[in-house]
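Q: what shape does this take:
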Amino acid sequence: MSSARQASGQTTTPSLVHEVTPDAGLLDTAAATLRMLAEPTRLHLLWQLTTGPKSVTELTELADVPRTVVSQHLAKLRLSGLVDTRKEGRHVIYSLHDGHLVRLIRETLNHADHQLTGEPFHE
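A: This next block holds a predicted model:
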């Protein structure tokens with residue numbers, strides 16, 4: 001819920017799509033999210049998380065990059081608020097923060113696929 005809605009005491013059901021009026025703060029926040037997605041390894045890690053939570057070990061195997069690289073990117077994603085963590089024994093499990101992010105990542109990669117394959121764009 002937005003801080004404006006919280007301050008006014010309104011409670012609403014989260015929506016998949018809602019009207020917004022971009023102001024400087026909203027545009028800065030959106031640009032920060034897109035900057036985090038703009039690095040291929042981070043985007044790959046985020047894409048892996050669209051199917052569900054994963055450990056650092058799983059993400060390292062799936063991304064096929066050194067564990068230290070995965071850990072550095074995951075730290076940036078955590079600090080930016082794009083991923084959440086929880087402990088499971090000695091393992092840290094990462095997950096995407098929300099469904100908007102899942103859809104954004106999937107749509108970004110689908111858009112790129114259309115660009116590369118020449119498949120017609122659609123609504």
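
Q: what about the strands in this structure?
A: Applying DSSP state E to the chain gives strands spanning 54-55, 83-88, 91-96.

Q: which among those strands is found nearest to Leu16?
A: The closest of the strands of the chain to Leu16 is strand 91-96. By C-beta to C-beta, the value is 15.0 Å. For every residue, glycine as well, the C-beta is placed using N, CA and C.

Q: got the contact list for the spatially most central residue of the chain?
A: The residue lying closest to the centre of the chain (C-alpha atoms, centre = their mean) is Leu101, at 4.2 Å. Counting by C-beta atoms under 8 Å, 6 or more residues apart in numbering, Leu101 touches Thr33, Leu46, Leu82.

Q: okay, the residues you listed in TSV with neighbour count and pLDDT next?
A: Below are the contacts of Leu101 laid out as TSV (neighbours: other C-beta atoms under 10 Å; pLDDT from 0 to 100):
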residue	neighbour count	pLDDT
Thr33	16	95
Leu46	26	98
Leu82	24	97
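
Q: now do the helix of greatest length in the chain against strand 83-88, angle only.
A: Secondary structure assigned by DSSP state H gives helix 99-117 as the longest helix of the chain. On the basis of axes from the mean of the first three to the mean of the last three C-alpha atoms, to 10 degrees, helix 99-117 is oriented at 120 degrees to strand 83-88.

Q: closest to Val20 out of the strands of the chain?
A: Closest to Val20 of the strands of the chain is strand 91-96 (C-beta to C-beta; 20.5 Å).

Q: burial count for the residue nearest to Arg67 when sequence neighbours are not counted?
A: In this structure, Arg67 finds its nearest non-sequential neighbour in Thr60, 4.7 Å apart by C-beta to C-beta, 6 or more residues apart in numbering. Number of residues near Thr60 (other C-beta atoms under 10 Å) recorded here: 19.

Q: residue contacts, Thr60?
A: Applying C-beta under 8 Å, 6+ apart to Thr60 gives the contacts Pro66, Arg67, Val70.

Q: before we move on, what about Asp84?
A: Asp84 makes contact with Arg78, Tyr94, Ser95, Leu96, His97, according to C-beta under 8 Å, 6+ apart.
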